[in-house]
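build me a structure from this.
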Amino acid sequence: MLDPFVQSEWQQLCAHLGKCAEGVARDSDEKADVVQEAKKFADQPAPERYGELLERTADAARLAIRWQSTREADSAHNEALIDEAGNESFPASDPPTFSHAHA
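Numbers count the residues shown, from 1 in each chain. Below you'll find the predicted structure:
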């Protein structure tokens, strides 16, 4: 017999993971991938016991952490590119030299 509490918590976990997938993606391609992963997670058979629910909760957390880690790594890479471009343009940002001789 299925425990109503476990079933309710499972449904909430799947809903939260789906919302996380919707929010973590930056573009439509990435969104489609992570939403598909969340749906695949939710499509597995519901846990029957509380211990199984806890294991699935840990699995969902690892999945969400992986999504977030990928996003943070991409963000750090983009920031590094911006810093590099700024460093390379430094001489162009120097003011022109002042000279007393005028044409």
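
CA only for contacts and neighbour counts going forward, please
Fine.

phi, psi of D43?
With angles defined as degrees, to the nearest 10, D43 sits at phi -80, psi -10.

for it, give me its contacts.
For D43, the contact set (C-alpha atoms under 8 Å, 6 or more residues apart in numbering) is empty.

same thing but at 10 Å, please
C14, E37 (C-alpha atoms under 10 Å, 6 or more residues apart in numbering).

and the gap between it and C14?
9 Å (C-alpha to C-alpha, to the nearest Å).

what about V24, neighbour count?
17 (other C-alpha atoms under 10 Å).

just checking, it touches A38?
No - judged on C-alpha atoms under 10 Å, V24 makes no contact with A38 at a distance of 11.8 Å.

list the residues that contact both of these two?
A64.

low-confidence ranges, this structure, go.
1, 71-99, 101-103 (pLDDT under 70).

gap between Q44 and H100?
79 Å.

ok, now Q36?
68 Å.

now do G23
59 Å.

ok, these two, which is more surrounded?
Taking neighbours as other C-alpha under 10 Å, G23 and H100 compare with G23 leading, 12 against 5.

helix or strand right after the stretch of helix or strand that one belongs to?
Using DSSP states H and E, G23 sits in helix 4-24. Sequence order places helix 28-42 as the next helix or strand after helix 4-24, per DSSP H and E.

show me what that next one is packed against.
helix 4-24, helix 50-88 (3 or more C-alpha pairs under 10 Å, 6 or more residues apart in numbering; DSSP states H and E).

just say which of those helices is most tucked in.
helix 4-24 (a mean of 16; mean count of other C-alpha atoms under 10 Å).

which outside residues touch that helix?
28, 30-39, 41-43, 46-54, 56-57, 60-61, 63-64, 67-68, 70-71.

check stretch 44-59 too.
1-7, 9-11, 13-14, 17, 41, 60-65.

three-state assignment of E48?
Following DSSP: H, G, I helix; E, B strand; the rest coil, we place E48 in the coil state.
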